[in-house]
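# my questions are about this predicted structure, shown below with the sequence.
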Amino acid sequence: MAAENVLWGAERIRGELLKLGIRVAKRTSQRHMTKARPPDPDRGQNWRTFLRNHTVWAGDFWQTYDIWFRPIFAFFVVDINSKRVVHVGVTRSPTAEWTAQQLRNITPFGEGPQFIVRDNDNKFGAELDRVAKGAGMKILRTAIQAPLMNSICERFLGSVRRECLDHTIIFGVKHLDCALTEYCSFFNTCRPHQGIGQRIPIPSPCAIHHNGAKIISVPVLSGLHHDYRVAA
């Protein structure tokens with residue numbers, strides 16, 4: 001109990017044991033707590049526990065170039081706990097107002113997470129913070145030059161680069177939008193993820209039973225990737 005609940009003290013654990021019909025003294029709880037959990041002066045939850053206990057989205061921008069070396073920006077929002085890509089938007093001229101509108105589009109009727117993690121980029125701004133506050137969300141800003149504070153989104157952006165953009169010649173905004181939309185659909189519904197035990201962020205509601213059935217291969221991004229399914 002001490003190892004699994006960092007906020008519980010000896011008296012709290014003694015009460016939990018009493019609930020289970022186990023009577024021990026407070027000093028006994030303290031003695032075993034010292035062995036199970038090293039003393040922590042902060043006595044607070046770590047970042048991983050905080051993320052697991054709340055609904056948290058992370059947003060970030062990715063800059064790429066089309067075939068004529070003109071910059072294009074993609075804005076991603078990722079659900080940190082499920083690893084699901086919530087939204088992707090593409091533009092040539094990202095502004096704080098455009099970013100705020102993207103947040104409005106994905107939080108209709110105030111439906112959204114408890115927290116949104118973002119960096120201090122100028123493409124975010126007071127307008128986005130105002131939209132988030134109006135929808136009951138709290139903005140968590142990362143420290144300057146601390147990308148690990150937004151590590152889930154940074155890792156996703158690395159996957160986008162390695163698995164999609166490094167192998168695609170982009171012709172324009174619409175082409176990039178189509179490519180990223182297809183990749184994000186593959187990322188959400190087909191691709192297993194190490195961070196969630198090789199599961200899929202949005203698994204199929206139908207149970208999969210192989211039983212010697214035929215396996216079919218479905219090409220993704222013109223054959224860059226493939227999705228393998230059990231034939232119906």
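Structure received. Computed from a prediction, not measured in an experiment: that's the story for all the values here. Numbering: from 1, shown residues only.
# would you map out the domains in this protein?
10-44, 49-196 (automatic domain parsing).
# how much space is there between the residue nearest in space to the middle of the chain and V160?
Per CA atoms, centre = their mean, the C-alpha nearest to the average position across the chain is that of I80, at 2.2 Å. Distance of I80 to V160, computed by CB to CB, to the nearest Å: 16 Å. Just so you know, the C-beta spots here come from the backbone N, C-alpha and C atoms, and that holds for glycine as well.
# quick one: least confident helix or strand in the protein?
helix 47-53 (a mean of 66; mean pLDDT, DSSP states H and E).
# list of residues touching the next helix or strand after that one?
As assigned by DSSP states H and E, the chain's next helix or strand after helix 47-53 is strand 56-65. Applying CB atoms under 8 Å, 6 or more residues apart in numbering, the contact partners of strand 56-65 are 71-81, 86, 94, 103, 112-119, 121, 123-124, 140, 150, 152-154, 157, 160-161, 165, 170, 176.
# quick one: the strands in this protein, in order.
56-65, 71-79, 85-91, 115-118, 138-141, 215-220, 225-230 (DSSP state E).
# most tightly surrounded among the domains of the chain?
With neighbours defined as mean count of other CB atoms under 10 Å, those peak in mean count at domain 49-196, which reaches a mean of 16.
# about what we covered before: of the strands of the chain, which is nearest D129?
strand 138-141 (5.2 Å; CB to CB).
# counting by contacts, list what that closest one packs against.
With contacts defined as 3 or more CB pairs under 8 Å, 6 or more residues apart in numbering; DSSP states H and E, the packing partners of strand 138-141 are strand 115-118, helix 126-134.
# export the ones you listed to JSON lines and tack on mean pLDDT and distance to L20?
Formatted as JSON lines, these follow (pLDDT from 0 to 100; distance: least, CB to CB, whole Å):
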{"stretch": "strand 115-118", "mean pLDDT": "91", "distance to L20": "34"}
{"stretch": "helix 126-134", "mean pLDDT": "90", "distance to L20": "43"}
